[in-house]
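A.B. asks: Compute the structure for the input listed below.
(2 chains)
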There are 2 protein chains.
Amino acid sequence: MEAKKANIFSPNSLGQNVNPDLDIERKNISFSIERLTNILDGGPNNTKLRREVEAVLEADPEFSQENQYFQSQNERYESAVRKTVYLSQKMAKMGWIEDGPEQLYCYKFLAEDLAFNIHVVFMKSILALGTDEQINKWIPLAKKFFIIGTYAQTELGHGSNLRGLETTATFDVATQEFILNTPTFSAMKWWPGDLGRTATHAVVFAQLYLKGHCYGMHPFIVQIRSLRDHSPSQGITLGDIGPKMGFENVDNGFLILKNVRVPRENMLAKFSQVLPDGQYKKQGSEKINYLTMIVVRVNILQSSIIPCLMKACTIAIRYSVVRRQSELKPGDPEVKILDYQTQQQKLFPQLATAYAFHFTCNYLLETFHRCYNQTQEGKFDLLPELHALAAGIKVITTDYCSAGVEVCRRACGGHGYSLLSGLPSIYVKVVPSCTYEGENTVLLLQTARFLVKCYGMAQMGQPLPSSVAYFSSVNFGKCQAQEEKDFLNPDIYTDAYKHRAFRLIRNAAMKLQQLVQAGKTQHEAWNQCTVQLTRAAMAHSHYIVVQKFTEELKNHAKESAIQRVLKNLCDLFALHGIFSNAGDFMQDAYFSTEQIDRVTETYLDLLAVIRRDAVPLVDAFDFSDACLNSALGSYDGHVYQRLYEWAKKSPTNHQVRRISGIAITIELALRLV
Amino acid sequence: MEAKKANIFSPNSLGQNVNPDLDIERKNISFSIERLTNILDGGPNNTKLRREVEAVLEADPEFSQENQYFQSQNERYESAVRKTVYLSQKMAKMGWIEDGPEQLYCYKFLAEDLAFNIHVVFMKSILALGTDEQINKWIPLAKKFFIIGTYAQTELGHGSNLRGLETTATFDVATQEFILNTPTFSAMKWWPGDLGRTATHAVVFAQLYLKGHCYGMHPFIVQIRSLRDHSPSQGITLGDIGPKMGFENVDNGFLILKNVRVPRENMLAKFSQVLPDGQYKKQGSEKINYLTMIVVRVNILQSSIIPCLMKACTIAIRYSVVRRQSELKPGDPEVKILDYQTQQQKLFPQLATAYAFHFTCNYLLETFHRCYNQTQEGKFDLLPELHALAAGIKVITTDYCSAGVEVCRRACGGHGYSLLSGLPSIYVKVVPSCTYEGENTVLLLQTARFLVKCYGMAQMGQPLPSSVAYFSSVNFGKCQAQEEKDFLNPDIYTDAYKHRAFRLIRNAAMKLQQLVQAGKTQHEAWNQCTVQLTRAAMAHSHYIVVQKFTEELKNHAKESAIQRVLKNLCDLFALHGIFSNAGDFMQDAYFSTEQIDRVTETYLDLLAVIRRDAVPLVDAFDFSDACLNSALGSYDGHVYQRLYEWAKKSPTNHQVRRISGIAITIELALRLV
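C.D. replies: Numbering: from 1, shown residues only, chains lettered A, B, ... in the order given. This is a model prediction of the structure:
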């Protein structure tokens, strides 16, 4: 054991070799890490391209994230602006096209180090909501950064309920202008990224008023700052909303409009127009945009949220085979903490969850592309199901990933609180996803509404959308599994998840019906069922994830080693879910006490099985050290040396120490003596 | 509804009146808030004194926390040093004695704004471990801040397992000195507060070596910085460990010792001594210190950890009656979000939890004082039970408070991510308590070891310690409750918690026994049961909390209004626990599916009952606005105005805006055009 410890006063050994405690975990691996990486990337060509892109970024000192943890919010913001502009140039130089795969890999790699994310949303909203004329006018300016845009929708008092937005846009026929106003405190635009310091223009969402009549929310392009000296435009008050948990690279801002006039042609008019005489004209259907928006959401899950959990697992699992603490048997050397069952129980379910969500997102993306093709033929009937599905998967993914990252962080003990571990930054990146792009409780209730409707259809014997087709194949008896091997049968546990989801949906639907029959109004009854409805929607989403993971296993029938490790993870994900929600599964005695005890034992035994593959399974995520940016999680496992080397760089250690010491001493002396 | 909204351009109305949406919640209150505050404070005199102290601190601009959220780590540290020194003076001026009740209220109020916390630990360790001679030498110097101390125990590679610490202290008979060394990277002292920049001296824990033989861990006083210019002493390398999640006011540091010599009399020698000839001599028992340390831990829970959850509840619940979002019934005005069942289900269990833990800590403190008196008579047999009890309560309290604060934060939607909400700071304050003062998993296993031992004693019919006396009164039949009112009977749910805890303890103990009988070694068997053992210890602690809360109700038999609201909270805490852990309660069919459904309905009905008392119940915590320091949680409920007013103060909004704008524009122009 002593051999692994470098003498503290010897030259720095970082990067020269791998910590033997980590190295040994990579001996005699039971499957091909490279093959698993290829599967996660969607093919070997993707792996190759991704690595090429990452190599270019890592070789360029402009993209270094080395001192990120020591930077102030202001420095983070300025660095993000600089890097984003530089990335534009770099991409042009490399011949990487916009919206191409290389760009995706760049964004995945640099993520929180980039700015102008909402500038991109600004452009996308013009492309989606503007006429060809408007697109031709604004997009070239935005692409060249002659103008910088933001997307000003959310208000201080309104997030989830867009119809409640209060900003107004009143058409003045005389001047052919819209007059935009912020009528109340709660109406001020609040949170938009790039607004606090950067943007010159905004797509502002406001209630359209024509001749005293409100036509609902519409988008308007408004210039908010001077292109000459960046001062606020006439009638505009704006600024930064102050410090936040995370988002340090972003200048989230506020915006107040007082009689701000924009010409008639600044209303984005692809779907509705105001004619010169103040008449309102609707045209076309926005449904197709809606679908595009959902795809964007799923892409965020796969490129940004699930990788957070993958990174956290990589850091925590590598650290847990380097960290040794206490002995299992008195007199023995200290044990790797990953050999403790309690540590395995913290980390391995997170590892299985990361894999489970990755494959579920693949399925969602396929489904969307199928649906998209249908909409091109004018068929929109799959939309409600897709919305319900995507909403539910968004919630379970963001919720589990956030909780999972925090479990990983806390599993690293004290060092998990150091920013140098990388884990606190991952947490503050992942957790806002529970709130943005649809608040999770709100989304779950949308999924629940769809499920209740489908339950009604099932009762009437109508054909069911495919994601809820299982309603008609639920086993209402009891689970037949007895032995450990039965519980490792995907059919057995998938059936259990079906039963659980369906029973929760049925219970909520029946309670709803009973309350209405007992005289409650529809909305009162709904509100009194919402806790149960959200649980039902979560259980349904959980079933989908388990089911999709089991289907993924079939894709690897010809590569037994890969199939075996994936099946271990799938089993673990499923059994951990039963172990953690046993009450749901014991309803109607579907599982007996003895069966639940057996599930628990099977689940705990699986932890020991996954133990030997744990490091290879996180290595397969293939994060470079630069991408992880973690003193605990690097490939070489030199945890303590790296913590020390990095801590020494802290600006606190380069202040004029003596002066600060003297200052304290003098101050104390003067005040106390 | 419109009336409540101030015109945005009207003069600032903060503090002039209460937001009507919050005001109405305080009409027709069903109990005396003041009386409940007195109960929480431990009597009206305490309430009075606390308010007097807080009024003094609030009136003094030196203690303002106003700009805290905009400060850098460095500014937070310097402000903390300044405030701590100033507080010393202030206390002297006010005639508030050290360790008196006023000081406690000061620390509770100023908390994260103070420095030298570990300097206090430094002094306490000398008082506890030093001889009278050592105390007389060092304590007066430390009290007057002539020296500033830190407590250097934790190492880079060792936290929980103190016996594994690697720092060495070798006695040199020739010079009568100890030679201290950091032999490896992992042996460097890491994390001690006040070490990074402040301390001049440290109590260093090191393995004592005498004539080549190791005598285990001992404490040594080591000077680490010059008293003249604050430069590191000979052989000392030290610095700040870099940025952390939270603890911004503290300079956690590292320390490397290379042949640092201290005189023989610098080993703290109350319990063991090294004689001039290098002989080792033990004397007295350290047990009494151990007990004092436990009391300190419980005090932290009550004065620092539980108030975090109370503050988070105050902020989230007040905000939830001001925030309106969407309508329940189409066409109606938007609804207060606290009227949604899903929001109640997030917040009210946290509220009940805060009350539950408060009363449990009262019980723990009473028990400790009883035990302390016994130890004064030389009786130490209650210590193992107390340790197990305190460890379990520490874990459940820190774990639930951390999770609860995060639930409250996320329940505030987007604004919960703003530092101005106060909630992110509360989270980073509360969550480290899961790791410090005994890592939670490690502590749970200590409790579990005690429980398994007691289970064995129960099997052999031996008398049981009082906290586990329930082992002999568990109802092994089924729960007899049928109607809603049955489930609101404390005897019914306390019995259910008993059954759950005992069954989990018994299962774990039996599995342990079986594994050993099947040939596993004791340590292998133990490791394979640890997941179940931690669950058992958690269930036991959960039972204790429920039971102590029900006992508290009896103290208020003569004040029915207070008793009623406390019983509602107690019922909610207990039923929420069953609802959330239904599987445990359904084992052995103790609860049937129908009974669990009834528990769920009873629990959900209780949410609506607590709804009307929600604001008064958080008002009773009696946090002043200055103490909450939250734009969302202030007493007057002017949430949006306050967010805006505070955001405007952000330094980002006072930078030279035009220059920054021009800089961006020029940069972009140069690079892209």
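A.B. asks: mind listing the strands in chain A by residue range?
C.D. replies: A:149-152, A:168-172, A:177-181, A:189-190, A:201-210, A:213-223, A:236-240, A:253-257, A:260-263, A:272-274, A:280-282 (DSSP state E).
A.B. asks: hey, which of those strands is tucked in deepest?
C.D. replies: With neighbours taken as mean count of other C-beta atoms under 10 Å in any protein chain shown, the strands of chain A reach their highest mean count in strand A:149-152, at a mean of 29. The way it works is simple: take the backbone N, C-alpha and C, and place the C-beta from them, glycine included.
A.B. asks: what about the nearest residue to residue A:336 once chain neighbours are set aside, how many neighbours?
C.D. replies: Excluding the flanking residues, the one nearest residue A:336 by C-beta to C-beta, 6 or more residues apart in numbering or on different chains is residue A:321, at 5.0 Å. Using other C-beta atoms under 10 Å in any protein chain shown, the number of residues around residue A:321 comes to 21.
A.B. asks: Distance check, residue A:321 against residue A:18.
C.D. replies: Using C-beta to C-beta, to the nearest Å, residue A:321 is found at 11 Å from residue A:18.
A.B. asks: Between those two, which contacts overlap?
C.D. replies: Taking C-beta atoms under 8 Å, 6 or more residues apart in numbering or on different chains as the criterion, residue A:321 and residue A:18 both touch residue A:637.
A.B. asks: With mean pLDDT and distance to chain B as new columns, can the strands of chain A be given to me in JSON lines?
C.D. replies: Below are those laid out as JSON lines (pLDDT from 0 to 100; distance: least, C-beta to the nearest C-beta, whole Å):
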{"stretch": "strand A:149-152", "mean pLDDT": "96", "distance to chain B": "13"}
{"stretch": "strand A:168-172", "mean pLDDT": "98", "distance to chain B": "13"}
{"stretch": "strand A:177-181", "mean pLDDT": "98", "distance to chain B": "10"}
{"stretch": "strand A:189-190", "mean pLDDT": "97", "distance to chain B": "8"}
{"stretch": "strand A:201-210", "mean pLDDT": "97", "distance to chain B": "13"}
{"stretch": "strand A:213-223", "mean pLDDT": "96", "distance to chain B": "13"}
{"stretch": "strand A:236-240", "mean pLDDT": "97", "distance to chain B": "4"}
{"stretch": "strand A:253-257", "mean pLDDT": "98", "distance to chain B": "6"}
{"stretch": "strand A:260-263", "mean pLDDT": "98", "distance to chain B": "14"}
{"stretch": "strand A:272-274", "mean pLDDT": "95", "distance to chain B": "22"}
{"stretch": "strand A:280-282", "mean pLDDT": "95", "distance to chain B": "21"}
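A.B. asks: Could you pull up the residues touching residue A:616?
C.D. replies: By C-beta under 8 Å, 6+ apart, residue A:616 lies in contact with A:25, A:26, A:29, A:30, A:31, A:33.
A.B. asks: got the residues of the stretch 351-500 of chain A near chain B?
C.D. replies: Counting by C-beta under 8 Å from any C-beta of the partner chain, the stretch 351-500 of chain A comes close to chain B at A:410, A:413-414, A:416-420, A:424, A:431-432, A:434-436, A:439, A:441, A:445.
A.B. asks: Next one: the residue in the stretch 151-300 of chain A that chain B sits nearest to, what pLDDT does it get?
C.D. replies: Distance from chain B to each residue of the stretch 151-300 of chain A (C-beta to the nearest C-beta) is smallest for residue A:230, at 2.0 Å. Looking at residue A:230, its pLDDT is 90.
A.B. asks: what's the neighbour count on it?
C.D. replies: What residue A:230 shows, counting by other C-beta under 10 Å, is a neighbour count of 20.
A.B. asks: One more: residue A:463?
C.D. replies: The number of residues packed near residue A:463 is 9, by other C-beta under 10 Å.
A.B. asks: mind listing what it touches?
C.D. replies: By C-beta under 8 Å, 6+ apart, the contact list for residue A:463 reads residue A:457.
A.B. asks: how about stretch A:446-458 as CSV, C-alpha atoms only?
C.D. replies: What follows is stretch A:446-458, C-alpha atoms only, in CSV (Å, rounded to 0.1, in the frame of the first residue of the first chain):
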residue,chain,number,x,y,z
GLN,A,446,-49.8,17.3,-18.3
THR,A,447,-48.7,13.7,-18.7
ALA,A,448,-51.2,12.6,-16.1
ARG,A,449,-54.0,14.3,-18.0
PHE,A,450,-53.1,12.3,-21.0
LEU,A,451,-53.0,9.1,-19.0
VAL,A,452,-56.4,9.6,-17.4
LYS,A,453,-57.8,10.2,-20.8
CYS,A,454,-56.3,7.0,-22.1
TYR,A,455,-57.5,5.1,-19.1
GLY,A,456,-61.0,6.2,-20.0
MET,A,457,-60.5,5.1,-23.6
ALA,A,458,-59.2,1.7,-22.3
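A.B. asks: quick one: contacts for the residue nearest in space to the middle of chain A?
C.D. replies: Computing the C-alpha centroid of chain A and ranking residues by C-alpha atoms, centre = their mean puts residue A:305 first, at 2.9 Å. Contacts of residue A:305 were listed using C-beta under 8 Å, 6+ apart, and they are A:397, A:398, A:401, A:430, A:433.
A.B. asks: can you pull the pLDDT of it?
C.D. replies: 97.
A.B. asks: Distance check, it against chain B.
C.D. replies: Here residue A:305 is placed at a distance of 16 Å from chain B (C-beta to the nearest C-beta, to the nearest Å).
A.B. asks: Kindly report the same for residue A:467.
C.D. replies: From residue A:467 across to chain B, the span is 23 Å (C-beta to the nearest C-beta).
A.B. asks: same deal with residue A:135?
C.D. replies: Taken as C-beta to the nearest C-beta, the span from residue A:135 to chain B is 20 Å.
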